[in-house]
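*Asks:* Kindly generate the corresponding structure for this input.
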Amino acid sequence: MAAGSAPRGADRLAFALGLACALGLAGTLAGAFAAGPAFAEGRDGLPDACRNTAGDEILDARAEPGEPHVWRSASGELLRQAELVMVTDEAPATGQAGARLRFVALGEGTDRWERRSGHLVLDPGERWLARELVRAGQAIVGPRLAGRDCLEYLLREEQTARRRKVGLWRHERVWSAHDPDVLLAERNGRYTLVSGRVASVGETRSMIYLNFGGRWSRDFTATIRAERKAVFAAAGLDLASLGGAAIRLRGMMRQSGGPSIDLEHPAQIERLDRNGDQR
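*Replies:* Here you go, the predicted model:
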């Protein structure tokens, strides 16, 4: 198909299903086409909250084999769908399906693998790649560059996939913050979702601590650099008020005395005592 042309009728559906097979999402996409107008209206597209002033880039690209979140443009540039943590044993074997896509950059420059990070929106259908991968249980939401309002869309998709035990959620789960021995034994060095009730909040000149027990050398703790306090406050999170709150956290588990997660982004914290979601 020539660059810039759009498939029509049966050709459009065949093209879309071929691309979806490469992403392991054929069933989801077929259902979306059957739904008709709702799909055409952009139900699965990039929300306004995720757009920025950098502008869109329109590119022809192909999915990288085995990496559904990474696409290579016709010029050889690597584009990575941001805000995702991929679980490698869940990634489908993708073919070299080609598509026209819109790329909305987040941040500047490239990572150590020479990939630019941003949002990838695929044609046909204006489909936001992050939403499709999270919905299919092929990725965990990993807040880093996007705003909290944007990430709320992905967190809702993840919650649904988790409840349905789709994809990686057949074996992944939310772990208890009150079982530090298990966290260190099972999750050290791995991206982990943890939930529990904050026992206390501590603060020094350089660090804020969310303590989930009374023994810092053994119990689970989440840490936030004091210089990031204003960022969390701007997102509506008063860290000092979290004492006694039921929350869910996400991040890379490490050992610092007991198990610990470093928090950099407000969307790494979800209040459970406000929406009743204890899963």
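*Asks:* Tell me where the model's unsure across the protein.
*Replies:* Along the chain, segments meeting pLDDT under 70 span 1-43, 88-97, 274-279.
*Asks:* show me the contacts for the residue nearest the centre of it.
*Replies:* Among the residues of the chain, Val141 comes closest to the average C-alpha position under CA atoms, centre = their mean, at 2.1 Å. Under the criterion of CB atoms under 8 Å, 6 or more residues apart in numbering, the contact list for Val141 reads Glu83, Leu84, Val85, Val134, Leu151, Leu154, Leu155, Glu158, Arg250, Ala267. From N, CA and C alone the C-beta is placed, and that goes for glycine too.
*Asks:* Could you give the backbone dihedrals for it?
*Replies:* With angles defined as degrees, to the nearest 10, Val141 sits at phi -70, psi 130.
*Asks:* Quick check: the residue nearest to it when sequence neighbours are not counted vs Met252, distance?
*Replies:* The shortest distance from Val141 to any residue other than its chain neighbours is 4.7 Å, reached at Leu154 (CB to CB, 6 or more residues apart in numbering). When distance is defined by CB to CB, to the nearest Å, Leu154 is 18 Å away from Met252.
*Asks:* quick one: which of these two has more around it?
*Replies:* Under the criterion of other CB atoms under 10 Å, the comparison of Leu154 against Met252 puts Leu154 first, with 26 against 15.
*Asks:* That one contacts Leu129, doesn't it?
*Replies:* No - applying CB atoms under 8 Å as the test, Leu154 and Leu129 come out as separate, 11.0 Å apart.
*Asks:* how about the strands of the stretch 151-279 of the chain, start to end?
*Replies:* Ranges of strands in the stretch 151-279 of the chain, per DSSP state E, counting those that start in this stretch, are 174-176, 191-197, 200-203, 207-211, 221-225, 246-256, 258-262, 269-271.
*Asks:* So which of the ones you listed is the most surrounded?
*Replies:* Per-stretch averages of neighbours, counted by mean count of other CB atoms under 10 Å, single out strand 258-262 among those, with a mean of 22.
*Asks:* Note down every partner strand of it and its orientation.
*Replies:* With DSSP bridges as the test, strand 258-262 is paired with strand 221-225 (parallel), strand 246-256 (antiparallel).
*Asks:* Contacts for the last one, please.
*Replies:* By CB under 8 Å, 6+ apart, the list of residues contacting strand 246-256 from outside reads 140-143, 174, 177, 183-184, 187-198, 210, 221-223, 259-263, 268-273, 278.
*Asks:* what ranges do the helices span in the stretch 51-200 of the chain?
*Replies:* For the stretch 51-200 of the chain, the helices defined by DSSP state H, counting those that start in this stretch cover 129-135, 148-164, 180-187.
*Asks:* Which stretch among those helices is buried most, on average?
*Replies:* The highest average neighbour count among those, using mean count of other CB under 10 Å, belongs to helix 129-135 at a mean of 25.
*Asks:* who's in contact with that helix?
*Replies:* 23, 25, 28, 44, 68-69, 81-84, 119-122, 139-141, 153-154, 157-158, 160-161, 166.
*Asks:* right, and Phe103 touches Leu79 too?
*Replies:* Yes - the pair formed by Phe103 and Leu79 meets the contact definition of CB under 8 Å, at 5.5 Å.
*Asks:* Identify the contacts common to these two.
*Replies:* Taking CB under 8 Å, 6+ apart as the contact rule, Phe103 and Leu79 both touch Leu59, Arg116, Gly118, Leu120.
*Asks:* Out of those, which is nearest to Leu239?
*Replies:* Lowest distance from Leu239 to the shared contacts of Phe103 and Leu79 (CB to CB) belongs to Gly118, with 29.1 Å.
*Asks:* ok, the closest one - how many residues close by?
*Replies:* For Gly118, the number of neighbouring residues by other CB under 10 Å comes to 24.
*Asks:* show me the contacts for it.
*Replies:* Counting by CB under 8 Å, 6+ apart, Gly118 makes contact with Leu79, Arg80, Gln81, Ala82, Phe103, Val104, Ala105, Leu106, Gly107.
*Asks:* switch to 7 Å and redo it
*Replies:* Gly118 makes contact with Leu79, Ala82, Phe103, Val104, Ala105, Leu106 under the criterion CB atoms under 7 Å, 6 or more residues apart in numbering.
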